[in-house]
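Asks: Sequence plus predicted model, see below.
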Amino acid sequence: MAKLDSLDLPLPDWAISVFIVLVTVGILLSIKHLILSRLIRLSDKTRYYFDSLLLRAIKWPLSLIALLFGILLLEELLNANSAMSSRLEKMTTYILPTLLVLAIVMFVDSMITGMISHYSKKSRLLHNSQSIMKGVSRSFLYGIGILILLSTLGVSITPLIASLGIGSLAVALALQPTLENFFSGVQLLMDRPIRVGDFIELDSGEQGFVEKIGWRSTWIKMLPNNTIIMPNSLLSESKVINYFYPQRELSVPVEVNVHYDSDLEKVEEITLEVAREILKSHEYGVNNYNTFVVFHTFDSSSINFTVMLRAHEYFHQFFIRSAFIKALHKRFKVEGIVIPYPIRAINTDQENVHFKEKHTGHQLKR
């Protein structure tokens, strides 16, 4: 047994061993910190992300490995002391597997969460779902780690797995609506029929901008500044019109009527001139669109045709249509082209004859 010279106090051998182990572990941790810090700084300057992720992922596992080495060293130093060595050996039977499994789980978890964070910057799908993906992967990894640790320590995990299976089934049945909305949300995020910012119309008639696609519901902001919170399961089964997909531009049909006496060639020429002028001058018009006119109906009092315009997006169509109608109406007045009112012809002579015949017959019967 060693002694402290100044105080002449006996120092137990196990205390010296613990001191040596603490110093050794401290040196190992300092070396690890020094080397890893420099390597991480160098890796941050490269264009490759994986090396930086790997170095950051091994940071905490290396600390656990240093602690693991210290425990093994302490066990080796205490071999001379049979009582202390046997106690430590019993402790290390549980401590060493725990530290080893924890180090592996922490390394894999850091790699997976780091990759999710990295690729979520490039993918809206991962960006919207990274928190839930990290939570699911972390729960799965630590659950597997606990099962492996229990199996390593000699604990039978078969009853535990069976209990987890039955419990999972009960939870799934209880959370069936929530899970249905969850998987519908996954489908919406994967298939991407709608995206945040799109203007959509539901089969029930509501219109609005998609504000948020969550795991349980989708938020749609309506034009009156109200918000529809729609369960994902209902949305995935609904017929939805997406006015922003595959592109925001859309055609704007405008129906016009002219009198039967009108020169249709002249009507078409003037209408196209006005349409091209509006598309070129209006801020919401698509300048390079090749507009056209189609005559399609002989109506009771007019010949009907449709002129096709083009707007940058859904809401612009109202301004384009309004500007075109005003300009065309003004031009038609200048050119003497008549837009007729609905006409109903009433034959009064025929009505009088019918009335007289009916009245005469009634008098003869009397």
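Replies: Okay, I see it.
Asks: Please report how far residue 325 lies from residue 314.
Replies: According to C-beta to C-beta, to the nearest Å, residue 325 and residue 314 sit 18 Å apart. C-betas here are computed from N, CA, C, even on glycine.
Asks: Could I get the full set of strands for the stretch 1-150 of the chain?
Replies: Assigned by DSSP state E, counting those that start in this stretch, the stretch 1-150 of the chain shows strands spanning 2-4, 9-11.
Asks: before we move on, the earlier item: what about residue 325 and residue 314, which has more around it?
Replies: Neighbour totals were compared for residue 325 and residue 314, and residue 314 leads with 19 against 14 (other C-beta atoms under 10 Å).
Asks: Which residue is the nearest non-sequential neighbour of the more buried one?
Replies: In space, not counting the residues next to it along the chain, residue 314 is nearest to residue 243; the distance is 4.2 Å by C-beta to C-beta, 6 or more residues apart in numbering.
Asks: Number of residues surrounding the nearest residue to residue 73 once chain neighbours are set aside?
Replies: Nearest residue to residue 73, sequence neighbours excluded (C-beta to C-beta, 6+ apart): residue 21, at 5.3 Å. Taking other C-beta under 10 Å as the criterion, the count of residues near residue 21 is 21.
Asks: how near is residue 21 to residue 62?
Replies: In terms of C-beta to C-beta, residue 21 sits 17 Å off from residue 62.
Asks: ditto for residue 319
Replies: For residue 319, the distance to residue 62 - C-beta to C-beta - is 64 Å.
Asks: For those two, indicate the residue with more neighbours.
Replies: Applying other C-beta under 10 Å to residue 319 and residue 62 shows that residue 62 carries more neighbours, namely 19 against 15.
Asks: Hmm, residue 309 is touching residue 252, no?
Replies: Yes. Residue 309 sits in contact with residue 252 when judged by C-beta atoms under 8 Å, with a separation of 4.1 Å.
Asks: intersection of neighbour lists for the two?
Replies: By C-beta atoms under 8 Å, 6 or more residues apart in numbering, residue 309 and residue 252 have these common neighbours: 317, 320-321.
Asks: Flag the shaky bits of the stretch 201-350 of the chain, pLDDT-wise.
Replies: In the predicted model of the stretch 201-350 of the chain, residues 343-350 satisfy pLDDT under 70.
Asks: Let me fix that, I meant to ask about the stretch 51-200 of the chain.
Replies: Screening the stretch 51-200 of the chain residue by residue with the criterion pLDDT under 70, one finds the ranges 79-90, 123-129, 168, 171-176, 179.
Asks: Before we go further, residue 289 is sitting in a strand, right?
Replies: No. When the secondary structure is assigned by DSSP: H, G, I helix; E, B strand; the rest coil, residue 289 falls in coil instead of a strand.
Asks: what's the closest non-adjacent residue to it?
Replies: residue 310 (3.7 Å).
Asks: Measure how buried that neighbour is and give me the count.
Replies: Counted with other C-beta under 10 Å, residue 310 comes out at 21.
Asks: That one pairs with what?
Replies: When assigned by DSSP bridges, residue 310 has beta-bridge partners residue 251.
Asks: show me the contacts for it.
Replies: 249-252, 279, 285-286, 289, 291, 320.
Asks: Give me the pLDDT for the residue nearest to residue 73.
Replies: Reported pLDDT at residue 21 in the predicted model: 82.
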